[in-house]
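Q: predicted model, plus sequence, below.
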Amino acid sequence: MRIDSHVHIWNVGEVRYEWPTPSDGDLYRTIEPPELKPLLDQARIDQAILVQAADHEQETEYLLRQAEEHDWIAGVVGWVPLERPIDAAKQLERLTRCPKFKGVRHLIHGEEDPDWLVRANVIDGLKLLSQHNVPFDVVAVFPNHLKHVPTVAERVPELKLVLDHLAKPPIRDGILSEWERQLKQAAAYPNVYAKLSGLNTACDWNDWSADDWKPSLEAALEAFTPNRLMFGSDWPVANLAGSYARVAEATEQATAMLSGQEQQAIWGGTAARFYGIDSISKEEGRDG
């Protein structure tokens, strides 16, 4: 079973977003499951996980409605106000009754305080996630946030964490040593995972290839092993430097040297275990 662990949809007429904005060209429009499904089919992806793009309850409800309408949407990573634990607890009591609610994310890279993730009230909110067995997606954009992941992993040891986009390694600059050091520190905690996603936009140029990802990918494989890595397209953001098909093909090329079992982990097994996804048949996934 092949799973895309990181896709976005949005409805700019129904939900308020800080990003994208009208200045973002073709990304600023309503993009919903019927547009995504043919791309998944072309890449032989059976299921996808919708990931939040706005820090408010309205979008989470929108994503959950979409997930209920499409069987191939395996789950939703939504939002709760972690910095307000009392309110977060109330929302979690309701959201955890939804079978397709699979995780929480907050756009920490949009916070003015680069240390937002380790604030005392936020740690209390993360402890609530742990108590409800709800994983947390960390938008740990290097260099401001990745360094805090070990702190969170220590303070909330039962919380499953996943680094979105490998914490955006500085591929364009070509100086990966400090990013790699911090990545290894995070990976030292068994409750920390990572997504092989967003690497094309980290390149920040249009003529990138899988070879440009190689140093970052090798560092991730060494730090996490495939059993804690998962594929994510980051579509439609991926369209800023490519397309869904191009990202999927490059990921295939970059992981071709792995064993069949290791590839299965990256292409679905890890995501299924991390988010608690029950596999569906290939026919259901394509027809749903």
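A: Yes, it's here.
Q: can you pull out the helices in the stretch 101-250 of the chain?
A: 120-131, 149-155, 177-187, 199-203, 210-224, 244-254 (DSSP state H, counting those that start in this stretch).
Q: most tightly packed of these?
A: Ranked by mean neighbour count, the helices of the stretch 101-250 of the chain are led by helix 199-203 with a mean of 23 (mean count of other Cβ atoms under 10 Å). Backbone N, C-alpha and C define where each C-beta goes, glycine included.
Q: show me what that helix is packed up against.
A: helix 210-224, helix 244-254 (3 or more Cβ pairs under 8 Å, 6 or more residues apart in numbering; DSSP states H and E).
Q: can you say which of those is nearest to Lys100?
A: Smallest distance to Lys100 across these (Cβ to Cβ): 21.8 Å, for helix 244-254.
Q: contacts for the helix or strand just after that closest one, please.
A: Sequence-wise, the next helix or strand downstream of helix 244-254 (DSSP states H and E) is helix 260-264. With contact meaning Cβ atoms under 8 Å, 6 or more residues apart in numbering, helix 260-264 is reached by 226, 255.
Q: quick one: Val149 and Tyr193 touch, right?
A: No - with contacts counted by Cβ atoms under 8 Å, Val149 stays clear of Tyr193, the gap being 10.8 Å.
Q: need the residues touching each of these two.
A: With Cβ under 8 Å, 6+ apart, Val149 and Tyr193 have common neighbours 161, 163.
Q: show the subsequent helix or strand relative to the strand or helix carrying Pro34.
A: Applying DSSP H and E as the criterion places Pro34 in helix 33-42. The helix or strand immediately downstream of helix 33-42 is strand 47-51, counting by DSSP H and E.
Q: for that next one, name the packing helices and strands.
A: Partner elements for strand 47-51 (3+ Cβ pairs under 8 Å, 6+ apart): strand 3-7, helix 57-69, strand 73-78.
Q: list the buried residues in it.
A: Residues of strand 47-51 classed as buried by neighbour count (16 or more other Cβ atoms under 10 Å): 47-51.
Q: pick the most buried one from the helices and strands packed on strand 47-51.
A: strand 3-7 (a mean of 29).
Q: tabulate the helices and strands packed on strand 47-51 (TSV), appending mean pLDDT.
A: Output for the helices and strands packed on strand 47-51, formatted as TSV (pLDDT from 0 to 100):
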stretch	mean pLDDT
strand 3-7	98
helix 57-69	98
strand 73-78	98
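Q: out of these, which is closest to Asp212?
A: Comparing these under Cβ to Cβ, the one sitting nearest is strand 3-7, at 19.4 Å.
Q: show residues contacting the closest one.
A: By Cβ under 8 Å, 6+ apart, strand 3-7 touches 36, 40, 45-51, 74, 162, 164-165, 195, 197-198, 230-235, 267-268, 271-272, 274-275, 277.
Q: coming back round to it: off-centre distance for the helix holding Pro34?
A: Centroid separation for helix 33-42 versus its chain: 18 Å, with Cα atoms, centre = their mean, to the nearest Å.
Q: can you list the buried residues in that helix?
A: Counting neighbours by 16+ other Cβ under 10 Å, helix 33-42 gives 33, 36-37, 39-40 as buried.
Q: farthest pair in those residues?
A: Pro33 and Leu39 (10.7 Å).
Q: pLDDT weak spots in the stretch 151-288 of the chain?
A: 279-288 (pLDDT under 70).
Q: run the last query once more with 50
A: 280-288 (pLDDT under 50).
Q: just the buried residues of strand 47-51 now: which is nearest Ala248?
A: Nearest member of the buried residues of strand 47-51 to Ala248, counting by Cβ to Cβ, is Ala48, at 11.9 Å.
Q: hang on, the earlier thing: need the buried residues of strand 47-51 in TSV with pLDDT and distance to Leu258, can you?
A: TSV is the format used below for the buried residues of strand 47-51 (pLDDT from 0 to 100; distance: Cβ to Cβ, whole Å):
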residue	pLDDT	distance to Leu258
Gln47	98	21
Ala48	98	22
Ile49	98	22
Leu50	98	27
Val51	98	25
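Q: identify the farthest-apart pair in the residues you listed.
A: Gln47 and Val51 (13.5 Å).
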